[in-house]
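> Everything below, folded, please.
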Amino acid sequence: MHSELIMQEDLECDVENNTASCTHTQMNLDTLTIADCAGLVELIRQSLNQGISVLLDLSNCQEVDTAGIQMLVTIQNDPAVNLRVHWTKPSEVVAMKAARLGVQSWINAGFLEN
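Numbering: from 1, shown residues only. Just a heads-up that it's a prediction; the model follows:
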């Protein structure tokens with residue numbers, strides 16, 4: 001079972017000429033598995049192409065697999081992306097999976113403290 005991606009526009013939105021222009025969006029993730037990754041990558045790509053930074057909320061993520069961890073490491077390893085895509089403090093499930101795979105430092109590097 002994979003989660004629906006819930007996108008919330010950040011409160012940093014400006015209204016100019018009756019059009020909303022946001023600089024940041026948050027995606028709440030309950031799961032981060034291979035079933036989620038393709039859709040998530042596309043949403044991230046669309047946001048970045050529109051000049052919108054992304055915050056992945058991993059705080060309540062209860063299911064993660066190697067593909068999900070690999071996606072986070074790939075984001076962190078790409079200098080064109082890692083300054084514009086961050087995540088919340090990972091849930092214990094995500095942190096434990098990253099530790100087992102030996103990439104906890106990569107996951108911690110993308111963690112944006114509130």
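> Remind me what the longest helix seen in the chain packs against, helices and strands.
Taking DSSP state H as the criterion, the chain has its longest helix at helix 34-49. For helix 34-49, the elements it packs on are strand 24-28, strand 53-57, helix 66-77, judged by 3 or more CB pairs under 8 Å, 6 or more residues apart in numbering; DSSP states H and E. For every residue, glycine as well, the C-beta is placed using N, CA and C.
> Below-threshold pLDDT in the chain: ranges please.
1-22, 114 (pLDDT under 70).
> Spatially central residue for it, please.
Leu56 (2.8 Å; CA atoms, centre = their mean).
> quick one on the thing from earlier: could you export the helices and strands packed on helix 34-49 to TSV, including columns for distance to Ala38?
As requested, the helices and strands packed on helix 34-49 are exported to TSV (distance: least, CB to CB, whole Å):
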stretch	distance to Ala38
strand 24-28	14
strand 53-57	15
helix 66-77	10
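> Name the stretch among these that sits most buried.
strand 53-57 (a mean of 21; mean count of other CB atoms under 10 Å).
> packing partners for the next helix or strand along the chain from that one?
Using DSSP states H and E, the helix or strand that follows strand 53-57 in sequence is strand 63-64. If you count contacts as 3+ CB pairs under 8 Å, 6+ apart, strand 63-64 packs onto strand 31-32, helix 92-100.
> partner strands of strand 63-64, parallel or antiparallel?
Partners of strand 63-64 in the sheet, by DSSP bridges, are strand 31-32 (parallel).
> circling back: comparing the helices and strands packed on strand 63-64, which stretch has the densest surroundings?
Each of the helices and strands packed on strand 63-64 was scored by mean neighbour count; the highest is strand 31-32, a mean of 24, by mean count of other CB under 10 Å.
> Against Leu32, how distant is the residue nearest to the centre of the chain?
As judged by CB to CB, to the nearest Å, Leu56 and Leu32 stand 8 Å apart.
> tell me, what's touching those two both at once?
Shared contacts of Leu56 and Leu32, defined by CB atoms under 8 Å, 6 or more residues apart in numbering, are found at Leu72.
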